[in-house]
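Asks: fold the following and give me the result.
(one chain, ligands or ions: 1)
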Amino acid sequence: MVVSGWLPLNILVLHGPNLNLLGLREPGIYGFTTLAEIDAMLAAEAGSLDLAVVCHQSNHEGELLDLIHAAPKNNQQGILINAGAYTHTSLALRDGLAGVGLPVVEVHLSNLYKRETFRHHSYIAPIAIGQISGFGAESYRLGLQALAHHLGLASPSSSA
Ligand code: DQA
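Replies: Model prediction:
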């Protein structure tokens with residue numbers, strides 16, 4: 001149902017470096033689901049949560065920052081991010097996310113804490129609402145649900 005004057009919540013989904021290789025990249029760690037399949041799954045989940053998602057992938061830190069900076073102007077109310085390896089290196093992404101002040105949920109396909117110690121530190125975690133790590137592609141769906149919940153949207157099953 002469309003109510004005049006009502007705009008759905010709009011979520012920015014960001015995928016960082018090398019995530020364009022999903023499906024081919026180390027499938028023992030990241031699975032066989034492609035990024036296009038993840039984006040389609042998020043679009044379907046967004047539909048059932050009555051919100052909109054816009055998904056971008058970039059291998060460039062500056063491009064990710066530009067998308068973060070543009071989020072308020074684009075009427076985006078929250079950010080779901082898998083920053084890939086930039087999670088562990090990028091103070092700039094952390095500062096950009098903190099700078100725009102939108103709620104952030106951090107997701108990872110793999111469980112960072114079962115892996116190499118250099119993956120145990122996230123620059124983003126301290127400024128995020130929370131982090132979901134280790135559920136494969138499902139981490140993204142859980143992350144979107146968590147962000148929707150934070151923004152005050154109950155899941156359809158709980159509003160019946
Ligand atoms: C990742 C984990 C990171 O350590 C890694 O650099 C990635 C993917 C994940 O989704 O599990 O690129 O963010």
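
Asks: check which residues of stretch 22-41 are buried.
Replies: 22, 30-31, 33-35, 38-39, 41 (16 or more other Cβ atoms under 10 Å). C-beta here means a position set from N, CA and C on the backbone, and glycine is covered the same way.

Asks: which helix in the protein has the most residues?
Replies: If you go by DSSP state H, the chain has its longest helix at helix 35-49.

Asks: anything in that one near the ligand?
Replies: No. Applying Cβ under 6 Å from any ligand atom, one finds helix 35-49 separated from the ligand by no less than 10.4 Å.

Asks: hmm, who's touching that helix?
Replies: Applying Cβ atoms under 8 Å, 6 or more residues apart in numbering, the contact partners of helix 35-49 are 11, 13, 15, 19-20, 22-23, 52-53, 55, 57, 80, 137, 140-141, 144-145, 148, 153, 155-156.

Asks: what parts of the chain come near the ligand?
Replies: Within the chain, the positions near the ligand by Cβ under 6 Å from any ligand atom are 18, 82, 84-85, 87, 108-110, 112, 119.

Asks: want to throw these into JSON lines with neighbour count, secondary structure and pLDDT?
Replies: Output for the residues of the chain next to the ligand, formatted as JSON lines (neighbours: other Cβ atoms under 10 Å; DSSP: H, G, I helix; E, B strand; the rest coil; pLDDT from 0 to 100):
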{"residue": "18", "neighbour count": "14", "secondary structure": "coil", "pLDDT": "98"}
{"residue": "82", "neighbour count": "26", "secondary structure": "strand", "pLDDT": "98"}
{"residue": "84", "neighbour count": "22", "secondary structure": "helix", "pLDDT": "98"}
{"residue": "85", "neighbour count": "13", "secondary structure": "helix", "pLDDT": "98"}
{"residue": "87", "neighbour count": "23", "secondary structure": "helix", "pLDDT": "98"}
{"residue": "108", "neighbour count": "25", "secondary structure": "strand", "pLDDT": "98"}
{"residue": "109", "neighbour count": "23", "secondary structure": "coil", "pLDDT": "98"}
{"residue": "110", "neighbour count": "17", "secondary structure": "coil", "pLDDT": "98"}
{"residue": "112", "neighbour count": "21", "secondary structure": "helix", "pLDDT": "98"}
{"residue": "119", "neighbour count": "17", "secondary structure": "helix", "pLDDT": "98"}
